[in-house]
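[1] model this:
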Amino acid sequence: MSENCLPTGVKLKDTGFGYTLSLIGGKYKMIIMYWLYENKVMRFNELQRSIGIISFKTLSMMLKEMEADGLIVRREFPQVPPKVEYSLSERGLSLMPVLNMMCDWGEENMPVTDCR
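    This is a model prediction of the structure:
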């Protein structure tokens, strides 16, 4: 890891590492990014079904935070009933190599269970 990530005497939140964690940290943000990356564009209910156990309120809050952070794009269509689609922004897409590396590391380092 580079020395710039956590220099001596600097709080974690004031580093690039801390900033990145603040954007993708939490229980569902990386999962939301994964599904949007895989499907390009998704509606709220599609995301909720794909994620599984996530409440309406939690998903709504995560999407609002991610939109405010510039990670996703929310596109609303003026029609009845309302239609809203979500997709990754360019900024969100730029984080996908990081998430893919985390996935690869996990696959390589996950404890092997003996299924005898």
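[2] Strands of this protein, residue ranges please.
    Secondary structure of the chain (DSSP state E): strands located at 41-43, 72-77, 83-88.
[3] Please identify the deepest-packed of these.
    strand 83-88 (a mean of 16; mean count of other C-beta atoms under 10 Å). Using the backbone N, CA and C atoms, a C-beta is placed for each residue, glycine as well.
[4] Show me the helices in this structure, by range?
    16-24, 29-39, 44-51, 56-68, 90-94, 96-109 (DSSP state H).
[5] buried residues in the third one?
    It stands for helix 44-51. When burial is assessed from 16 or more other C-beta atoms under 10 Å, helix 44-51 yields the following buried residues: Phe44, Leu47, Gln48, Ser50, Ile51.
[6] With the shortest one instead?
    Residues of helix 90-94 classed as buried: Gly92 (neighbour count, 16+ other C-beta under 10 Å).
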